[in-house]
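Peer 1: Got a sequence here, can you model it:
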Amino acid sequence: MKVVIVGGVAGGASAAARIRRLDEKAEIVIFEKSGFVSYANCGLPYYVGDVITDEDKLTVQTPTGLNKRFRIDARVHHEVLSVNPQSKTVTVKNIESDVIFDEKYDKLILATGAKSSKPNMPGIDLPNVFALRNVEDTLKIKKYIHENGVKSVSVIGGGFIGIEMAENLKNTGLDVTIIEYADHLMAPLDKDMASYVHAEMRAHGVKLMLNTAVVGFEEKDGKTVTHTKDGVSVTNDMVLLAIGVTPDTRLAKEAGLKLGIRDSIIVNDKMETSEKDIYAVGDAIQVKNFVTQNDTLISLAGPANKQGRIVADNICGGDSHYNGSQGSSVLKLFDRTVASTGVNEATARKLGYNCESVILSPASHASYYPGGKAMTIKVTFDKDSLQILGAQIVGFDGVDKRIDVIATAIRAKMKATELAELELAYAPPYSSAKDPVNMAGFIIENVVSGKLKQFGFDTCKSLPRDGSVFLLDARMPKEYAGGCAEGFVNIPLDSIREHFDEIPKNKPVYVMCQSGLRSYLACRILSQNGYDCCNFTGGYGYYRSVLKEEQSAMEVYPCGMEKA
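Peer 2: Numbering: from 1, shown residues only. Now for the predicted structure:
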């Protein structure tokens, strides 16, 4: 059996290695257009930022290594020009020698990935406008920065690559501006959770231009001027495009394969395309969202590697199936960690789910053990089925393990209330006896059972301040003095029973504290004493973050921008 693989990064390389582990006699050929195979795509921004200093560390394997260990014929600088299903051949060009030849296959795997989105606009091809997608791009960017004394850069796009590049460029001393079309960075997050991302970026000196459409670029005095739709111009030494990726499916389209969203390749759960003996994996394919079961595109290394393994199993006579992606991801953001899985609340509502979210701000480990820091967790669930729809976490230590637990719960199709039942490892340096994931489950139980009524940021803003409702802050006086929501009266939790006469029973009572715990306890006390009580989800720390973001958004242009 001869297997030809087009593309040698995550999906293609993992498929090749798995085929060899299953079939020692199979002939395996990889054609890779670039000069590198099996490289660490996710590590590229950290090489630009000098976190990874050895270029060789970017490649997991080399053509020589693949041949020596797996007897895989990996040919770099070989571009596949066409796929010919009738003759079961691919037409290939050796980029170095310009020789064109046909290669036969018994099974073909398309792992062509995605290409950086490059809109048709003036100046897009200027020499100091770059995009980052592969090792060659990385080397060009780093070389340009060092050889041209780059001091400032505009990053167009606030997704994973844009944010990681902004962080790394800022850490090397560059002046960085992120220009983002949407109203917040990181599309997997809801806008309220993205407020923490924005605050962290601004705290480290990264300028943000949100709700801003770029319309073109212009070279002026050796620099690049980025023009926006609202007439603001930004001048920098270079520009980095990070506005997303598009499935690279020209070969599949010309070969007549069935295509889906944005011309992605349609595959079944065995990774088979519409053409017999042709499979596809990775960023080029359309997948099912595991949570919603809708067709989608998810460009992540983890799913691509799993798909490579599955296609290898099926090619070698197995029966493996891919059951969809849920988009689990984690991102280092200066001192913070940001993670998400599943769908966010905004997406869930658009899809028609009867959903609700709980927001909590627990410590990363036992509060009495030194070094614990707060994280903010948002878990969204369907109120009818109790399906966990997604989660978002922003914090410091322990964010990754909590998102992984919730991602596993989603994959296991656990009910949201069952998060309370999970028995998770505990020791004071690592967690609390009631882990933050358990705490999320407890809150969901209380909401579902009716023990807890909650209100969010938008409701808090719109509450009347005319005395028709009673607004209560249950924190300590020192905390209250450091900042509070407008109109909230301070009565500390521990003395609340002694102040019943100050809290009217004929008015709804809305309660807030720092993280949501003390206000919940206050609500339990009040509700059992005849009060109609509602708890603010997330606490004042969350409220302050979202409020600050709203105030920042009112600033028309960050310092250094010019209005045309």
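
Peer 1: Only C-alpha atoms from now on, for both contacts and neighbour counts.
Peer 2: Fine.

Peer 1: the helices in the stretch 51-200 of the chain, which residues?
Peer 2: 63-70, 135-147, 160-171, 191-203 (DSSP state H, counting those that start in this stretch).

Peer 1: which one of those is the most hemmed in?
Peer 2: Greatest average neighbour count among these goes to helix 160-171 (a mean of 23), per mean count of other CA atoms under 10 Å.

Peer 1: Could you export that one as PDB, CA atoms only?
Peer 2: These are the backbone C-alpha positions of helix 160-171, laid out as PDB (Å, rounded to 0.1, in the frame of the first residue of the first chain):
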ATOM      1  CA  PHE A 160      -4.800  33.900  19.100                       C
ATOM      2  CA  ILE A 161      -1.900  34.700  16.700                       C
ATOM      3  CA  GLY A 162      -2.500  38.400  16.900                       C
ATOM      4  CA  ILE A 163      -2.500  38.400  20.700                       C
ATOM      5  CA  GLU A 164       0.500  36.100  21.000                       C
ATOM      6  CA  MET A 165       2.500  38.100  18.500                       C
ATOM      7  CA  ALA A 166       1.500  41.400  20.300                       C
ATOM      8  CA  GLU A 167       2.700  40.000  23.600                       C
ATOM      9  CA  ASN A 168       6.000  38.700  22.200                       C
ATOM     10  CA  LEU A 169       6.700  41.900  20.200                       C
ATOM     11  CA  LYS A 170       5.900  44.000  23.200                       C
ATOM     12  CA  ASN A 171       8.200  41.900  25.400                       C
END
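
Peer 1: Look at residue 555 and report its pLDDT.
Peer 2: Note for residue 555: predicted pLDDT of 61.

Peer 1: One more: residue 21?
Peer 2: We have a pLDDT of 97 for residue 21.

Peer 1: now residue 528
Peer 2: Reported pLDDT for residue 528: 95.

Peer 1: So what's the residue count around it?
Peer 2: Counted with other CA atoms under 10 Å, the neighbours of residue 528 add up to 10.

Peer 1: Kindly report the same for residue 25.
Peer 2: With other CA under 10 Å as criterion, residue 25 counts 12.

Peer 1: Contacts only, for it.
Peer 2: residue 1 (CA atoms under 8 Å, 6 or more residues apart in numbering).

Peer 1: Let me have the helices of the stretch 51-200 of the chain in a markdown table, adding mean pLDDT and distance to residue 285 as columns.
Peer 2: Listed next are those as a markdown table, based on pLDDT from 0 to 100; distance: least, CA to CA, whole Å:
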| stretch | mean pLDDT | distance to residue 285 |
| --- | --- | --- |
| helix 63-70 | 92 | 25 |
| helix 135-147 | 91 | 22 |
| helix 160-171 | 94 | 20 |
| helix 191-203 | 96 | 28 |
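
Peer 1: Which one of those helices lies nearest to residue 247?
Peer 2: When the helices of the stretch 51-200 of the chain are compared by CA to CA, helix 160-171 sits nearest residue 247, at 16.2 Å.

Peer 1: ok, residues contacting the closest one?
Peer 2: Applying CA under 8 Å, 6+ apart, the external contacts of helix 160-171 come out as 45-46, 48-50, 132, 155-156, 175-178, 186, 201, 205-206, 241-243, 331-334.

Peer 1: Just the buried residues from those residues, in ChimeraX please.
Peer 2: Applying 16 or more other CA atoms under 10 Å to the contacts of helix 160-171, the buried members can be selected in ChimeraX as follows:
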select :45,46,48,49,132,155,156,175,176,177,178,186,201,206,241,242,243,331,333,334
